[in-house]
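*Asks:* Model the structure of this input:
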Amino acid sequence: MAFNKYDSFNSLNDSTTEWKIRVRAQSIWKGITKKTGEFRGYNLILFDDSSERIHAFMSALICPKFEADLCEGQIYILEDFTVKHYNGDETNRAVRNDKHIYFTTDTKLRKDENNGLKIPEYSFDFYNLEDIDPMKTDNRFLTDVVAVIQDIQPIAAHNKKEGEKTHVPFTITNGKTYINVTFFNDLAQSFLNAREKILSEPVVIVIASAKVTEWKDALHLTNFPATRFYLNPKHHAVKLLRQRLEEPNFYVMDIEDDDVEQCHILKVADIKKLTDEFIEKKVECQLTVKKVDERMNWYVHFCTNCDKDLKLVDEEYKCCNRSYPYPDKRFKLYTLCSDDSGTIPIIWPNDEICRLTGKTVYDVEADDAEDVDATKFPVMLKFGVKKIFKFIISITRENVKEGSNVYTASEICGPIEISDSHSPNMNKVPMLSPNEISKTKGESPATASSTNKRRPRLTEEFNDPKKIPPLKTVKLEKV
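*Replies:* As a prediction, this is how the structure comes out:
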């Protein structure tokens, strides 16, 4: 018998349906069409003994075959299913995996009663609270967070067309960042009930598959059908957070994170002269965008696991020991920016472009879908040309030691409107005294030709009677 009788998630592909995996079901929820209320089927988040996660779906037609056996937390043996790749335009995905599983009429699902390799109780894909803000403009994925609960508000009710709805707002923090959370309806009541059972403080919460939104210019996390919460779960991330809670400076903001040299705005000439002490630091500059380099690709493919840009190897995108048939994309714009002291190339990052334009790479591709020339550079990405922006750029060892003149922006603010100054101290024009002669180049005669003699005033020729031309004689016809 083969040592490994189950397939790994990395090996799954769409070439066959003869797959066999051993998984734990972390969450199960119904897929319901919002407008019509039609039941579409069940969604599942599955993970294996390596904590690799994948999304699975069973349609409403075959749900009766499996519905009685579905239970969150249960370990299953799953066989004979279809593997599909995401198209790239899906929204609110609970798992950052480029593949997902489809149940068919031939699929077999049974509970695992044997003691195989241990599968953890949970598998999360945590994001730092500091890194969540860009997700409010990117609706492709839900997110997992771990934080300390603070300021739970009383449950509130509000009326909708569908009837009375309830919600409970509260705040979560990791000591540095605070984010508002609102749970709605059944999840709100479940949260309050679970919190009442815990007597000790503080309480650590894990929110899985939370939806990132914005409300009144503030970042919010809300629940989605896939959302689950866990209070003080047995997980290493919770243990680490509790250890940090014991430190006296847990709630102290770390003001050195950005390490930006904010003494003054640097000119391009100054940036090119920076020394070793500025390596791995950030500086501020105010530049005009002269052009966007259309020869460079305006997006890159990246690995959702390690966040590095992907390169094509043997006609496949590979990273982290797996291949990406349809990898995720993000913006990467190459621009030339100038001030009165020089010009430097600056790379614009994905997060700042999404924030400034309100669009993702996929939005831009969809907007240009009807364009006959698919290779044409998107016009909307030239929005910054001939405008002034304030950049915070990272200084690397390559810039200082190896002579690289290409810089990457971490933050971009603008465009900045430059208006005329009406200060009386600005733009002074020198006044001439009555006894001074304004000498303009090209108007003053040479010294040899100049004289102080008075010259007669010239008379206009039509004022001289001798020069007035005689009137023309007109001949009249005889009658």
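
*Asks:* how about the helices in the stretch 101-250 of the chain?
*Replies:* Secondary structure of the stretch 101-250 of the chain (DSSP state H, counting those that start in this stretch): helices at 185-196, 236-245.

*Asks:* Can you spell out which residues form a bridge with the residue nearest to residue 150 when sequence neighbours are not counted?
*Replies:* In space, and not counting its chain neighbours, residue 150 is closest to residue 171: 4.6 Å by C-beta to C-beta, 6 or more residues apart in numbering. For the C-beta atoms, the positions are set from N, CA and C on the backbone; glycine is no exception. Beta-bridge pairing for residue 171 (DSSP bridges): residue 150, residue 180.

*Asks:* Which residues are in contact with residue 171?
*Replies:* Residues near residue 171 by C-beta atoms under 8 Å, 6 or more residues apart in numbering: 149-151, 178-181.

*Asks:* ok, it to residue 178 distance?
*Replies:* Computed as C-beta to C-beta, to the nearest Å, the residue 171 to residue 178 distance reads 6 Å.

*Asks:* Quickly list what's touching both of those two.
*Replies:* With C-beta under 8 Å, 6+ apart, residue 171 and residue 178 have common neighbours residue 150.

*Asks:* For residue 327, grab the count of nearby residues.
*Replies:* Using other C-beta atoms under 10 Å, residue 327 has 20 neighbouring residues.

*Asks:* How about the one 5 residues further on?
*Replies:* For residue 332, the neighbour count with other C-beta under 10 Å is 19.

*Asks:* The one 4 residues further on now?
*Replies:* Under the neighbour criterion other C-beta under 10 Å, residue 336 is assigned a count of 16.

*Asks:* who's it bridged to?
*Replies:* With DSSP bridges applied, the residues forming beta bridges to residue 336 are residue 291, residue 345.

*Asks:* For the stretch 251-400 of the chain, which segments count as helices?
*Replies:* Using DSSP H, counting those that start in this stretch, helices in the stretch 251-400 of the chain cover 268-272, 350-357, 361-367, 397-401.

*Asks:* Let's have the helices of the stretch 101-250 of the chain in a markdown table, adding mean pLDDT, mean neighbour count and distance to residue 209.
*Replies:* Listed next are the helices of the stretch 101-250 of the chain as a markdown table, based on pLDDT from 0 to 100; neighbours: other C-beta atoms under 10 Å; distance: least, C-beta to C-beta, whole Å:
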| stretch | mean pLDDT | mean neighbour count | distance to residue 209 |
| --- | --- | --- | --- |
| helix 185-196 | 94 | 15 | 11 |
| helix 236-245 | 91 | 13 | 16 |
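
*Asks:* Next, format the ones you listed as a markdown table and append distance to residue 100.
*Replies:* Conversion of the helices of the stretch 101-250 of the chain to a markdown table gives the following (distance: least, C-beta to C-beta, whole Å):
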| stretch | distance to residue 100 |
| --- | --- |
| helix 185-196 | 24 |
| helix 236-245 | 25 |
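
*Asks:* out of those helices, nearest to residue 204?
*Replies:* helix 236-245 (5.0 Å; C-beta to C-beta).

*Asks:* how much distance is there from that closest one to the middle of the chain?
*Replies:* Taking C-alpha atoms, centre = their mean, to the nearest Å, one finds the center of helix 236-245 at 28 Å from the center of the full chain.

*Asks:* got it, and stretch 84-93?
*Replies:* Computed by C-alpha atoms, centre = their mean, the chain-centroid distance of stretch 84-93 equals 18 Å.
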